[in-house]
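Visitor: okay, sequence plus prediction incoming.
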Amino acid sequence: MAEGIRRVGIWMNPQKARARPLALTLANWLEGRGHEVAVPPWVSDLVGPRVQIATPDVLGERVGLLVVLGGDGTLLGAARQTSAAAPPLLGVNLGHLGFLTEVEEAELFTALPGILDGEYSLDERMMLECEVHGAGRPVERWRALNDVVLTKGPFARLLRLRVGVDDREVVSYPGDGIIISTPTGSTAYSLSAGGPVLHPHVDGILVTPICPHTLYSRPLLLSAGERLVLRTDSDQGPTRVDVALTVDAQEGRALVPGEWVEVAASPQRARLVRRPGWNFYAVLRRKLAEDDRLGLERDSL
């Protein structure tokens, strides 16, 4: 908990029309109450001349609170790009479900005074570190708050994945791919693929196959102290299967033959601002009910 937050950052999704005027209103509101305001470069044209501009890593170090305007995807991006500094993140939902965000747009200016006075708790979330090795290339690294996913290309061929833990092979999955998720990510793509929901404070790595071509494939929950090694046999034989790596559904690239992926818990954690009374199970029940309702509305169109 913090008291008397002096410098506040504003992070937004420029693709959301409602985020632009809200960022400007928020900057003026904060400055009018004596707070310093800092933003990443892509927000600088939307706010006033007194606002400080900083790269994401520097921004995370400078602010006592980072207000994120968008949806869960925007919050995922903010968490990844500022993860080294782990600033407190206040998610403002301008999207649909908002599992990770804390306040709705209409609540923002009512909730902010208390939060700026230190009336909040920090919900620390485990993150993953992903590395791509092999093929004579330098090691590439990403960080994820939700998940790391390997999927096959557009043709209807099986992707054969071998999953190892540390130095020992554990299981192989023939299918469309595999999801390696944090407990936070257990309510995202992994849930759609049939994985279990984990409380966000469980320290574990969830392995969920995507459309496995076997009767006996099941999700695995591994210790956060273990390191996963993912290899594919899809580059062997006459019909190579393209393999794509995605991180939080926002970053990644295609893998080339000879590369493998390693995933482990990150020493960094995302820190989400929660108001008094926040409860994971209440959010889960409400948001999944909203998702069902939205699905029914879309089906009726």
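Guide: Alright, I've got the coordinates.

Visitor: going by C-alpha atoms from here, please, whenever you check contacts or count neighbours.
Guide: Fine.

Visitor: where does the residue nearest to His96 when sequence neighbours are not counted land on pLDDT?
Guide: Using C-alpha to C-alpha, 6 or more residues apart in numbering and skipping the chain neighbours, the partner closest in space to His96 is Gly71 (7.3 Å). Looking at Gly71, its pLDDT stands at 92.

Visitor: hey, which strand is longest across the protein?
Guide: Longest strand in the chain, counting residues (DSSP state E): strand 259-274.

Visitor: ok, the residue nearest to His96 to Gln15 distance?
Guide: Using C-alpha to C-alpha, to the nearest Å, Gly71 is found at 11 Å from Gln15.

Visitor: elements contacting the longest strand of the chain?
Guide: Applying 3 or more C-alpha pairs under 8 Å, 6 or more residues apart in numbering; DSSP states H and E, we find strand 259-274 packed against strand 88-93, strand 121-134, strand 228-232.

Visitor: most tightly surrounded among the ones you listed?
Guide: Each of the helices and strands packed on strand 259-274 was scored by mean neighbour count; the highest is strand 88-93, a mean of 27, by mean count of other C-alpha atoms under 10 Å.

Visitor: strand partners of that strand, parallel vs antiparallel please.
Guide: Using DSSP bridges, strand 88-93 pairs in its sheet with strand 65-70 (parallel), strand 103-104 (parallel), strand 259-274 (parallel).

Visitor: contacts for it?
Guide: Here strand 88-93 makes contact (C-alpha atoms under 8 Å, 6 or more residues apart in numbering) with 64-72, 75, 79, 100-105, 108, 122, 270-274.

Visitor: dump it to CSV, keeping only the CA atoms.
Guide: Provided in CSV are the C-alpha atoms of strand 88-93 (Å, rounded to 0.1, in the frame of the first residue of the first chain):
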residue,chain,number,x,y,z
PRO,A,88,1.0,-0.7,-9.4
LEU,A,89,-1.4,-1.1,-12.3
LEU,A,90,-5.0,0.3,-12.1
GLY,A,91,-7.0,-1.2,-15.0
VAL,A,92,-9.9,0.8,-16.3
ASN,A,93,-12.2,-1.3,-18.4
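
Visitor: relative to the whole chain's centre, how far out is that strand?
Guide: Its chain's C-alpha centre and that of strand 88-93 lie 13 Å apart, by C-alpha atoms, centre = their mean, to the nearest Å.

Visitor: just the angle between that strand and strand 121-134, please?
Guide: Per axes from the mean of the first three to the mean of the last three C-alpha atoms, to 10 degrees, the angle that strand 88-93 makes with strand 121-134 is 90 degrees.

Visitor: among the strands paired with strand 88-93, which is the most enclosed?
Guide: Counting by mean count of other C-alpha under 10 Å, the most buried of these turns out to be strand 65-70, with a mean of 26.

Visitor: mind checking which helix or strand of the protein has the lowest mean pLDDT?
Guide: In the chain, no helix or strand scores lower on mean pLDDT, DSSP states H and E than helix 280-300, which sits at a mean of 69.

Visitor: those helices in the stretch 51-200 of the chain, which residues are they?
Guide: Taking DSSP state H, counting those that start in this stretch, the helices of the stretch 51-200 of the chain run over residues 56-62, 72-81, 108-116, 189-192.

Visitor: would you mind listing the buried residues in the shortest one?
Guide: For helix 189-192, the neighbour count (16 or more other C-alpha atoms under 10 Å) marks 189-190 as buried.
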